[in-house]
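Visitor: got a sequence here, can you model it:
(one chain, ligands or ions: 1)
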Amino acid sequence: MPEHIATPARTNDILRRHGFRFKKSLGQNFLTNPKILANIVAAGEVGPDDDVIEIGPGIGALTEFLAEAAHRVLALEIDPRLLPVLAETLAPYDNVDVVEADVLKADLATLIAEHFDGQHRVKVVANLPYYITTPILMHLIDTPIDFASITVMMQKEVAARLTARPNSKDYGSLSIGVQQNMDVAVAFTVSRTAFVPAPNVDSAIVTLRRREQPLVAVADQAAFDKLVRGSFVARRKTLWNNLTNLFGKDEATKAKLTAALAAVDVAPNNRAEQLSIATFAALTDALAAAGL
Ligand code: SAM
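Guide: Predicted coordinates:
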């Protein structure tokens, strides 16, 4: 049995033999630490009842661990230069399909129907390309696919924003948008030195599971999203400043804003980061009641 793909020696050998040059623009930082890969698979609780979608297999470091634990693995890789490499490194595994695809353009439901049997839970496990972490997360959260869990490596700063609570510098529209529908937890953090080439940020493994019910019931999702995004546009300025930029500065609008804020007991000189998700939901309703 050859040593794991992710050992530094084997990774270097694979890259050298294939004459592979990293593309920074594709977020290519490969993990070279088998222990961390085993911990990622453990954090995802991947087992024989699971079919797993992996985004960005690289040279197959994580894919190999997933193949050993899961029922089947479908790996989506955007870089065509990696396809022949993966054909070689993953040859010992008959439960892995590699598809050349841009995850943001991929029709995941069709791919799942084509590659999985529908009898197993579907999970996502990936070491994400960091330049598109947020768009990928939104793509996964917004699909109607019922993933049993999403376990992904991302830069530590984004993990902090995903899990942030009110009254912290990391709390913002991303925290609210994701926590509204998902249970989010950081499993563990990883030093930049675990990758080749080393990125200039440290990383964290985050697990996301869809809540049975949204955290707070929101009557008008579009109005809620508009309010949350608009409230954080200038996060150091007051809520009043952001809301008048969002809704208008004329006297009639200001009177409606004043009434809505009073109805939910929020002072106009508060900052958006002081408002909980429930308060944003209540303010959305109060603004609608005030005619905004
Ligand atoms: N899984 C490997 C590992 O852990 O060592 C590689 C992870 S590397 C951080 C990110 C991978 O995502 C690269 O292989 C890159 O080519 C691929 N990638 C970048 N953008 C992508 C996209 N839009 N769709 C699919 N894969 C993408």
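Visitor: please count neighbours and contacts with C-alpha atoms only from this point.
Guide: Noted.
Visitor: touching, Asp102 and Pro80? I think so.
Guide: No - in this structure Asp102 lies outside contact range of Pro80 using Cα atoms under 8 Å: 10.6 Å.
Visitor: and the two? which has more neighbours close in?
Guide: Counted by other Cα atoms under 10 Å, Asp102 and Pro80 do not tie: Asp102 has more neighbours, with 14 against 11.
Visitor: contacting residues for that one?
Guide: Contacts here follow Cα atoms under 8 Å, 6 or more residues apart in numbering; on that basis Asp102 touches Leu76, Glu77, Ile78.
Visitor: am I right that the first one is in contact with Pro57?
Guide: Yes - contact status for Leu76 versus Pro57: in contact at 6.9 Å, counting by Cα under 8 Å.
Visitor: interface residues of this structure facing the ligand?
Guide: For the chain, the residues in contact with the ligand (Cα under 6 Å from any ligand atom) are 26-31, 55-58, 61-62, 76-79, 101-104, 127-129.
Visitor: which of those residues fall in helices?
Guide: Under the assignment DSSP state H, the residues of the chain next to the ligand contribute Ala61, Leu62 to helices.
Visitor: among the residues of the chain next to the ligand, name the buried ones.
Guide: When neighbours are counted using 16 or more other Cα atoms under 10 Å, the residues of the chain next to the ligand contain these buried positions: 27-31, 55-58, 61-62, 76-79, 101, 103, 127-129.
Visitor: can you give me the strands for the stretch 101-250 of the chain?
Guide: 121-127, 149-155, 182-190, 195-196, 203-210 (DSSP state E, counting those that start in this stretch).
Visitor: export these to JSON lines and append columns for distance to Asn270 and mean pLDDT.
Guide: Converted to JSON lines, these look like this (distance: least, Cα to Cα, whole Å; pLDDT from 0 to 100):
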{"stretch": "strand 121-127", "distance to Asn270": "38", "mean pLDDT": "98"}
{"stretch": "strand 149-155", "distance to Asn270": "30", "mean pLDDT": "98"}
{"stretch": "strand 182-190", "distance to Asn270": "26", "mean pLDDT": "98"}
{"stretch": "strand 195-196", "distance to Asn270": "42", "mean pLDDT": "96"}
{"stretch": "strand 203-210", "distance to Asn270": "30", "mean pLDDT": "98"}
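Visitor: distance to Thr134 for those - can I get that in CSV?
Guide: Compiled in CSV, the strands of the stretch 101-250 of the chain are given as follows (distance: least, Cα to Cα, whole Å):
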stretch, distance to Thr134
strand 121-127, 13
strand 149-155, 9
strand 182-190, 14
strand 195-196, 21
strand 203-210, 13
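Visitor: which one, of those strands, ends up nearest to Ala164?
Guide: strand 182-190 (9.8 Å; Cα to Cα).
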